[in-house]
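**Student:** What shape does this take:
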Amino acid sequence: MTKENSKVFLLILLGMLTAFGPFVTDMYLPSLPSMGNYFHTTSSMVQLGLTTSMIGLAVGQIFFGPLSDRYGRRLPLLVAMGLFIVSTVLCLFSQNIHQFVAFRLIQGMAGAGGIVISRSIATDKYSGRELAKMLAIIGAINGVAPVAAPIVGGLLTDTIGWRGIFWTLLGLGILLLAACIRFRESLPYERRSVEKWKDTFSSFGIVLRDRRYVCYVLQMAFAQGVLFANIASSPFIVQQHYGFSAFAFSICFGINALAIGISAALSVKFHRQESSTLTGCCGMTVIAAIQCAALMSGCSFWVYEILMLALLSFMGMTFTSSTALAMESQRENSGTASALLGAVCFAAGGIVSPLVGIGNILSSTGIVFVVCACCSLLCTLMALGRRRTKLYFAFNGVSPKH
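**Tutor:** Numbering: from 1, shown residues only. So this is what the prediction gives:
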């Protein structure tokens with residue numbers, strides 16, 4: 001009889017795999033100026049490495065998800081980690097910026113394997129509230145990692161430079177490869193996809209025909225839009241508009257990341273996962289509107305920060321429940337479902353990030369917050385349907401208008 005991995009081991013492994021993608025994309029951000037000098041190129045060319053890694057994270061999940069449904073979780077996971085190690089070495093020894101940008105695309109695709117398969121493993125091993133609890137922790141890490149990674153990178157940049165950051169990523173990749181070798185397969189042969197190779201990706205059509213699944217994925221994508229709008233705008237708002245130092249900005253960033261993690265973890269306290277998503281979306285919409293008005297009226301830093309904490313807390317509340325609801329609705333195609341979920345969310349982040357730089361950053365950021373929050377709430381209402389939406393409002397003592 002094959003020995004199972006312990007719950008603690010799975011928790012640590014899945015948590016590390018979940019944080020892997022954001023660290024791949026964001027950890028080296030503080031070192032971008034020094035990389036421009038190293039490669040003797042413009043800042044826009046160096047930033048192209050961030051764009052290609054985001055593309056890799058989105059596209060890679062589309063491939064690794066269905067492949068893990070067909071061949072199990074362990075083999076694609078080992079391939080992804082091996083590919084990450086090779087691509088990171090190639091990034092370290094790139095001779096010019098063009099090589100670096102190309103290898104970053106491969107590195108992003110490899111990192112995507114860990115993200116998409118971690119959700120599939122959780123779905124293989126758990127269900128119901130047990131799955132929600134596991135995804136709560138994964139959701140908390142997924143919310144914290146994108147904002148924590150630049151802080152860690154900032155602390156490392158001044159001491160070890162951009163190459164040191166990539167050596168750190170290489171070490172993390174080797175550690176994860178060792179953990180994946182120890183990992184015991186979570187998807188039995190009898191539950192694997194038996195489609196022919198040419199039909200491996202046909203499950204995308206099946207998944208996309210599930211209206212509930214699509215609505216929860218879009219809800220997550222718009223919630224991620226709020227997160228990435230904050231990541232893209234907050235350095236300029238806090239440091240340039242309010243005049244704080246980089247260190248003070250890092251502290252602010254860390255507090256906001258902690259708020260996301262706490263709310264994602266506490267969301268399992270709701271009796272129903274749908275209630276957590278609906279409550280988070282309603283709160284997110286209200287606070288986004290207030291934050292937008294505050295930014296446009298030139299509010300003080302403390303008003304901005306308190307509203308930001310509230311906005312990110314409500315946003316984090318939806319991460320866990322929406323992921324669980326989406327994955328539960330497509331349990332039989334969990335690899336594909338996880339792939340689409342991750343790909344759409346990263347694509348949303350890539351689309352939203354540059355929008356906050358259009359015109360006045362205070363106004364554009366506020367508008368992006370409101371649009372993303374409203375769309376997120378609309379997707380949740382569509383997923384629940386009219387009858388269930390009425391029941392949830394009634395349960396919480398609210399009588400929605402017809």
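**Student:** So which bits of whatever helix or strand residue 304 lives in are buried?
**Tutor:** Element membership of residue 304 [criterion: DSSP states H and E] is helix 301-329. Neighbour counts using 16 or more other Cβ atoms under 10 Å place 304-305, 307-329 of helix 301-329 among the buried residues. The way it works is simple: take the backbone N, C-alpha and C, and place the C-beta from them, glycine included.
**Student:** Tell me how the protein divides into domains.
**Tutor:** 1-132+149-185, 201-402 (automatic domain parsing).
**Student:** Would you format those domains as CSV with mean pLDDT included?
**Tutor:** Formatted as CSV, these follow (pLDDT from 0 to 100):
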stretch, mean pLDDT
domain 1-132+149-185, 82
domain 201-402, 82
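**Student:** Pipe those domains into TSV and attach distance to residue 191 per row.
**Tutor:** Converted to TSV, the domains of the chain look like this (distance: least, Cβ to Cβ, whole Å):
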stretch	distance to residue 191
domain 1-132+149-185	8
domain 201-402	8
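**Student:** Can you tell me which of the ones you listed is nearest to residue 192?
**Tutor:** Across the domains of the chain, residue 192 has its closest neighbour in domain 1-132+149-185 (6.1 Å, Cβ to Cβ).
**Student:** just the helices in the stretch 51-200 of the chain please.
**Tutor:** 74-92, 97-125, 128-182 (DSSP state H, counting those that start in this stretch).
**Student:** Tabulate these (CSV), appending distance to residue 377 and mean neighbour count.
**Tutor:** Output for these, formatted as CSV (distance: least, Cβ to Cβ, whole Å; neighbours: other Cβ atoms under 10 Å):
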stretch, distance to residue 377, mean neighbour count
helix 74-92, 35, 20
helix 97-125, 24, 25
helix 128-182, 18, 19
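**Student:** Adding distance to residue 235 as columns, could you present these in TSV?
**Tutor:** As requested, these are exported to TSV (distance: least, Cβ to Cβ, whole Å):
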stretch	distance to residue 235
helix 74-92	24
helix 97-125	21
helix 128-182	8
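**Student:** among those, which is nearest residue 346?
**Tutor:** Ranking these by proximity to residue 346 (Cβ to Cβ) places helix 97-125 first, at 8.0 Å.
**Student:** helices or strands up against the closest one?
**Tutor:** Other helices and strands packing on helix 97-125, by 3 or more Cβ pairs under 8 Å, 6 or more residues apart in numbering; DSSP states H and E, are helix 7-26, helix 43-71, helix 74-92, helix 128-182, helix 301-329, helix 334-352.
**Student:** Can you convert these into a markdown table and add a column each for distance to residue 107?
**Tutor:** Compiled in a markdown table, these are given as follows (distance: least, Cβ to Cβ, whole Å):
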| stretch | distance to residue 107 |
| --- | --- |
| helix 7-26 | 6 |
| helix 43-71 | 6 |
| helix 74-92 | 4 |
| helix 128-182 | 8 |
| helix 301-329 | 24 |
| helix 334-352 | 14 |
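**Student:** So for residue 261, which of those helices sits nearest?
**Tutor:** Here helix 128-182 is closest among the helices and strands packed on helix 97-125 (Cβ to Cβ), at 4.1 Å.
**Student:** So which elements touch the helix or strand just after that closest one?
**Tutor:** Per DSSP H and E, the first helix or strand lying C-terminal to helix 128-182 is helix 203-208. Applying 3+ Cβ pairs under 8 Å, 6+ apart, one finds that helix 203-208 contacts helix 43-71, helix 334-352.
**Student:** most packed of those?
**Tutor:** helix 334-352 (a mean of 25; mean count of other Cβ atoms under 10 Å).
**Student:** now that helix: how far from the chain's centre is it?
**Tutor:** Distance of helix 334-352 from its chain centroid, counting by Cα atoms, centre = their mean, to the nearest Å, is 8 Å.
**Student:** between the helix or strand that that helix is followed by and helix 334-352, how big is the angle?
**Tutor:** Moving toward the C-terminus from helix 334-352, the next helix or strand (DSSP H and E) is helix 361-395. For helix 361-395 against helix 334-352, the angle by axes from the mean of the first three to the mean of the last three Cα atoms, to 10 degrees is 140 degrees.
**Student:** residues of helix 361-395 that come out buried?
**Tutor:** For helix 361-395, burial by neighbour count (16+ other Cβ under 10 Å) applies to 361-362, 364-384, 389, 392.
**Student:** and the helix or strand residue 37 falls within, what other elements does it pack with?
**Tutor:** Assigned by DSSP H and E, residue 37 belongs to helix 32-39. If you count contacts as 3+ Cβ pairs under 8 Å, 6+ apart, helix 32-39 packs onto helix 43-71, helix 128-182.
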